[in-house]
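# only geometry, no sequence info:
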């Protein structure tokens with residue numbers, strides 16, 4: 001019986017280690033950080049388009065007194081996505097909520113939580129986003145508080161002041 005357990009132990013030790021690539025790590029992180037929920041077509045309607053992950057949402061969300069925002073196209077398309085952004089610019093946006101053009105991301109983007117990402121993990125997410133199939137897909141907005149949205153959005157109602 002001892003030989004049986006020894007053989008199993010030795011067999012396990014001789015198996016090659018499977019290393020996770022940077023892109024695989026980035027995909028894993030993007031999934032557990034729920035990036036797909038706001039940035040994948042159909043996700044906010046309960047039917048995510050799994051063939052076009054992170055290609056932008058057609059459904060927005062209203063933040064009272066700020067406006068209506070739509071999850072951006074995060075694919076490397078240079079016209080409608082983040083294809084012209086460098087990996088460092090992607091990392092900066094994830095960690096600070098500021099785009100390369102200086103615009104601040106929607107308050108719904110949880111960059112404050114993502115600010116604690118390690119350099120390795122933040123760069124892995126950038127590598128994953130750069131690895132996606134470019135998808136030419138312009139999302140609506142953003143719309144200011146006095147502008148009318150051109151697409152479906154979820155509205156939030158402020159509770160009455162007491």
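Structure received. All figures in this text were calculated on a predicted structure; none of them were measured in a lab.
# please name the nearest non-neighbouring residue to residue 145.
The shortest distance from residue 145 to any non-neighbouring residue, by Cβ to Cβ, 6 or more residues apart in numbering, is to residue 67 (5.1 Å). Where you see a C-beta, it was placed from the backbone N, CA and C, and this is true even at glycine.
# the one you found and residue 143 touch, don't they?
Yes: between residue 67 and residue 143 there is a contact under Cβ atoms under 8 Å: 5.1 Å.
# residues touching the residue nearest to residue 145, list them.
The contact partners of residue 67, taken as Cβ atoms under 8 Å, 6 or more residues apart in numbering, are 141-145, 147.
# bridging across strands, which residues link to it?
Going by DSSP bridges, residue 67 is paired in beta bridges with residue 63.
# from residue 22, how far out is it?
As judged by Cβ to Cβ, to the nearest Å, residue 67 and residue 22 stand 35 Å apart.
# ok, now residue 119?
According to Cβ to Cβ, residue 119 stands 12 Å off from residue 22.
# the two: which is more packed in?
The residue with more neighbours, out of residue 119 and residue 22, is residue 22; 16 against 9, by other Cβ atoms under 10 Å.
# and the more buried one, what pLDDT?
Per-residue pLDDT puts residue 22 at 96.
# which helix or strand in this protein has the lowest average pLDDT?
Taking mean pLDDT, DSSP states H and E as the measure, the chain has helix 2-14 as its least confident helix or strand, at a mean of 48.
# now the element after it, going C-ward?
helix 22-32 (DSSP states H and E).
# and the next helix or strand after that next one, what's buried?
Using DSSP H and E, the helix or strand that follows helix 22-32 in sequence is helix 35-39. Using 16 or more other Cβ atoms under 10 Å as the test for burial, helix 35-39 gives 35-36, 38-39.
# for stretch 112-123, same thing?
So, applying 16+ other Cβ under 10 Å, buried residues of stretch 112-123: 114, 117, 121-123.
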